[in-house]
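Visitor: Pasting the sequence and the predicted coordinates here, then a few questions.
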Amino acid sequence: MNSFTEENYLKAIYKLLESGEKKVTTNSIADRVETAPASVTDMLRKLSDKKLIHYQKYQGVSLTASGKKIALSVIRKHRLWELFLVDRLRFKWDEVHEIAEQLEHIQSETLVHRLDQYLGSPKYDPHGDPIPDENGIFHPRKAVRMYELPLLSTGVITGVVDHSPKFLRHLEKLGLSMGKEVRMLRLFEYDHSCVIARKNQKQEIHLSREAAGNILVTEKKHA
């Protein structure tokens, strides 16, 4: 059985690779798990001894098939628990990450399977992130960042890049939650800031480049 810390490292490495990092370094892992590089080096040696990662000093880190399987299992549990907390226990979407961080380390496969069944084998968590199935397969949506939505077109908010409670609360104040339809009114090419409006709402919402870049939308195609 792997420790909570080992699972967190494997998840961190997977997410760094997923984000497009060609070479996952000790420093990038240290930043991700918020610890000292020396501590990361010690853990990488342990994970390498367990054949969960490929690791050579100065050559970067990658996951073995076994390591990837564990990372995906942790991510699956995390996202299922987030959905359960929001949909069934009525937590807000900015309140669930830390709780799910604790619940994601539960080892019972039976519990996770029944949780998945209870929720109806969902494909996405409350933040729009795809939930891997039991085989580690994702079903990502076709989505773009808000500032990539064409002028005068309509999109549906289907995800967020920034999961921080501060950003999620900011979106709530603007009325920009999951599933909301928005229309692109003005787009400023210079800095990718934009002006949008929610469906059936006249009030304009001004978004900075940073905010618009952290909102994912799926464009609605009209027949």
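Guide: Happy to help now that I have it.

Visitor: can we go C-alpha only for contacts and neighbour counts from here?
Guide: Noted.

Visitor: Give the buried residues for stretch 20-38.
Guide: For stretch 20-38, a neighbour-count test (16 or more other C-alpha atoms under 10 Å) marks 24-30, 32-33, 37 as buried.

Visitor: what distance separates that stretch from the middle of the whole chain?
Guide: The chain centre lies 18 Å from the centre of stretch 20-38; the measure is C-alpha atoms, centre = their mean, to the nearest Å.

Visitor: Output it in CSV with nothing but the alpha carbons.
Guide: Taking C-alpha atoms only, stretch 20-38 is exported to CSV below (Å, rounded to 0.1, in the frame of the first residue of the first chain):
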residue,chain,number,x,y,z
GLY,A,20,2.6,19.9,-21.2
GLU,A,21,5.8,20.0,-19.3
LYS,A,22,8.3,18.1,-21.4
LYS,A,23,10.7,17.6,-18.6
VAL,A,24,9.3,17.3,-15.1
THR,A,25,12.1,18.5,-12.7
THR,A,26,12.6,18.2,-9.0
ASN,A,27,12.0,21.9,-8.7
SER,A,28,8.7,21.8,-10.5
ILE,A,29,7.5,19.0,-8.3
ALA,A,30,8.7,20.9,-5.2
ASP,A,31,6.6,23.9,-6.3
ARG,A,32,3.6,21.7,-6.9
VAL,A,33,3.6,19.8,-3.6
GLU,A,34,5.0,22.8,-1.7
THR,A,35,8.0,21.3,-0.2
ALA,A,36,11.8,21.6,-0.4
PRO,A,37,13.7,20.1,-3.4
ALA,A,38,15.8,18.0,-1.1
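
Visitor: Give me the contacts around it.
Guide: 8-9, 12-13, 16-17, 40-41, 58-62 (C-alpha atoms under 8 Å, 6 or more residues apart in numbering).

Visitor: Repeat the analysis, applying 7 Å as the threshold.
Guide: 12-13, 16-17, 40-41, 60-61 (C-alpha atoms under 7 Å, 6 or more residues apart in numbering).

Visitor: cool, and stretch 206-215?
Guide: Against stretch 206-215 from outside (C-alpha under 7 Å, 6+ apart): 145-147, 159-162, 191-196.

Visitor: quick one, strands of the protein?
Guide: 53-56, 60-63, 144-145, 154-160, 181-187, 194-198, 205-207, 215-219 (DSSP state E).

Visitor: by how many degrees do the fourth one and strand 181-187 diverge?
Guide: Yep, that's strand 154-160 we're talking about. 100 degrees (axes from the mean of the first three to the mean of the last three C-alpha atoms, to 10 degrees).

Visitor: This completes my enquiry, with thanks.
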